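> generate a structure from the sequence data that follows.
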Amino acid sequence: MKRIYLDHAATTPIDPVVLEAMLPSLTGNYGNPSSIYAEGRAAKKSIEAARLQIAKAINADLREIYFTASGSEADNWAIKGIAMKNQAKGKHIISTTIEHHAVLHTCQYLEKQGFEVTYLPVDEYGLISLDDLKKAIRKDTILVSIMFANNEIGTIEPIKAIGEIVKEKGIIFHTDAVQALGNIPVDVKDLNVDLLSLSAHKIYGPKGIGVLYIRKGVPIDNLIHGGAQERKKRAGTENTAEIVAFGKAAEFATQHLEENAVHMKTLREVLIKGIMEKIPQVRLNGHPEIRLPGNANFCFDYIEGESILLSLDIIGVAGSSGSACTSGSLEPSHVLLAIGLPAGVAHGSLRLSIGKSTTLEEINYVVDNLAEIIERLRKMSPITAECPIDDAVFDKPEHHHH
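Coordinates of the predicted model:
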């Protein structure tokens, strides 16, 4: 049976072009980039070429790109590194309620270390308010960390406008752009950002390689100590093959950004329209327009997200409920709670994220089959039985279904 993969926000398959670029570094080009003999120099050269490719992809300077082992590490480094280096100036950080856990949990860790964090709320579409941001800024605010685009509901935040506000106050600004690269244009100069996190496996590169862009002159502490790699900012022998792969993936993704985005957006609209028309009592989560081209996130009243996923998996479709990092947990998504969904509804979410190779045929198959799945699950659902079909019912905690 053919599999239909609709979880590109969780991870993407490696593009053959990317695999081809990385293979020589796994086989022949094995030197340690820190060594001065020919093998080392060759590895170093391929790393610097990749660094340039990534710098070009986000309009940064070559010397502002630092390789990490993941987007999560880049987030940790940005937030902890700025906090530790700048704590004499103040201990206040501003973030949002819908960040990826790599940002949220890092902020919570810093709260235990004596820092104070303000988590900005979002509206029903997942957008922060610029007024809220302005009001939250204090004399002792040293860092603002707000994601570029949300991994669950796809909403794109007004990063350029946020950057202008933050820059004017002389505060350091970090954005987690892991979901943005390859989906929407990312230009660090235009965006007024000081730090920006990226990850290769969201843009058809391998897992286990990330980047932190650090604008020249930004005062930041190291997260990983040891050798002098990455201009003495991050110790550890460079992962040459994966760095080369990330470079190629970033170049390839930005070269084809426009056509891929149009393709994904077209299919996304077919998917959303089909689901909204064929299935009653469904809600689209996230902003209808200001969202990632491949993201569609729905809530279906009266059903558990997990049962939808298992039913889809049986018919060959891979989707997700909330984000993959938390799909093992039965907690409702923090993002869906942040946009104001009651816990009972937030459990029944389904995220389908389209990729560049997704076809119209696949989307139609999913729409047709999902309608039947939802109908079947609702007939079996213990929640429907005890609840009249009425939105207000979800406000009563005794009806929450776990």
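
> drop to CA atoms for contacts and neighbour counts, all remaining ones
Fine.

> mind giving me the domain split of this protein?
With domains defined by automatic domain parsing, the chain comprises 16-255, 257-399.

> hey, least reliable of the ones you listed by pLDDT?
Lowest mean pLDDT within the domains of the chain: domain 257-399, at a mean of 85.

> pull out the buried positions in stretch 2-16.
Neighbour-count burial for stretch 2-16 flags Ile4, Tyr5, Leu6, Asp7, His8, Ala9, Ala10, Thr11, Thr12, Ile14, Asp15 (criterion: 16 or more other Cα atoms under 10 Å).

> so what's the gap between it and the chain middle?
15 Å (Cα atoms, centre = their mean, to the nearest Å).

> endpoints of that stretch, how far apart?
Chord length of stretch 2-16, first to last residue, is 20 Å (Cα to Cα, to the nearest Å).

> same check on stretch 276-291?
So stretch 276-291: terminal residues 17 Å apart, Cα to Cα.

> what comes into contact with it?
Here stretch 276-291 makes contact (Cα atoms under 8 Å, 6 or more residues apart in numbering) with 124-127, 149, 153-156, 272, 296-301, 336, 371, 374.

> of those residues, which belong to strands?
Ala296, Asn297, Phe298, Cys299, Phe300 (DSSP state E).

> give me the nearest residue to Gly205, chain neighbours excluded.
Nearest residue to Gly205, sequence neighbours excluded (Cα to Cα, 6 or more residues apart in numbering): Ile14, at 5.0 Å.

> so that neighbour touches Lys202, yeah?
No - counting by Cα atoms under 8 Å, Ile14 stays clear of Lys202, with 9.5 Å between them.

> so what's the residue count around Pro158?
Each residue near Pro158 was counted by other Cα atoms under 10 Å, and the total is 18.

> for it, give me its contacts.
Neighbouring residues of Pro158 by Cα under 8 Å, 6+ apart: Phe148.

> how far away is it from Pro185?
Counting by Cα to Cα, the gap from Pro158 to Pro185 is 13 Å.

> same question, Lys44
Plainly put, Lys44 is 29 Å away from Pro185 if you go by Cα to Cα.

> in the helix or strand harbouring Glu258, what counts as buried?
Glu258 is part of helix 257-278, with elements assigned from DSSP states H and E. The neighbour-count check on helix 257-278 (16+ other Cα under 10 Å) flags 257, 260-261, 263-265, 267-269, 271-272, 274-276 as buried.

> show me how far that helix is from its chain's centre.
Distance of helix 257-278 from the chain centroid (Cα atoms, centre = their mean) equals 19 Å.

> that helix: what's the following helix or strand?
Next element after helix 257-278 (DSSP H and E): strand 282-285.

> can you list the strands that that following strand pairs with?
Neighbouring strands of strand 282-285 in its sheet, by DSSP bridges, are strand 295-300 (antiparallel).

> just the C-alphas of the helix or strand just after the strand it pairs with, formatted as CSV.
Downstream of strand 295-300, the first helix or strand assigned by DSSP H and E is helix 305-314. What follows is helix 305-314 as a C-alpha-only set of coordinates in CSV (Å, rounded to 0.1, in the frame of the first residue of the first chain):
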residue,chain,number,x,y,z
GLY,A,305,-6.8,13.5,17.9
GLU,A,306,-5.0,10.2,18.5
SER,A,307,-7.8,8.1,17.2
ILE,A,308,-7.9,10.2,14.0
LEU,A,309,-4.2,9.6,13.6
LEU,A,310,-4.4,5.9,14.1
SER,A,311,-7.3,5.6,11.7
LEU,A,312,-5.4,7.6,9.1
ASP,A,313,-2.3,5.5,9.6
ILE,A,314,-4.3,2.3,8.9
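
> winner for burial among the domains of the chain?
By mean neighbour count, with neighbours taken as mean count of other Cα atoms under 10 Å, domain 16-255 ranks first of the domains of the chain at a mean of 20.

> tell me how far that domain lies from the chain's centre.
11 Å.

> show me what contacts the residue lying closest to Lys216 once chain neighbours are set aside?
Nearest residue to Lys216, sequence neighbours excluded (Cα to Cα, 6+ apart): Glu64, at 6.1 Å. By Cα under 8 Å, 6+ apart, the contact set of Glu64 is Ala55, Tyr213, Ile214, Arg215, Lys216.

> in TSV: those residues, plus secondary structure.
Formatted as TSV, the contacts of Glu64 follow (DSSP: H, G, I helix; E, B strand; the rest coil):
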residue	secondary structure
Ala55	helix
Tyr213	strand
Ile214	strand
Arg215	coil
Lys216	coil
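
> what is the nearest of those to Ala346?
Using Cα to Cα, Tyr213 comes nearest to Ala346 of the contacts of Glu64, at 34.1 Å.

> the strands in the chain, which residues?
Using DSSP E, strands in the chain cover 4-5, 65-68, 92-96, 116-120, 141-145, 172-176, 195-199, 210-214, 282-285, 295-300, 317-318, 349-353.

> any chance of these in CSV with distance to Glu48 as columns?
Output for those, formatted as CSV (distance: least, Cα to Cα, whole Å):
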stretch, distance to Glu48
strand 4-5, 34
strand 65-68, 10
strand 92-96, 33
strand 116-120, 37
strand 141-145, 28
strand 172-176, 23
strand 195-199, 17
strand 210-214, 13
strand 282-285, 41
strand 295-300, 33
strand 317-318, 37
strand 349-353, 33
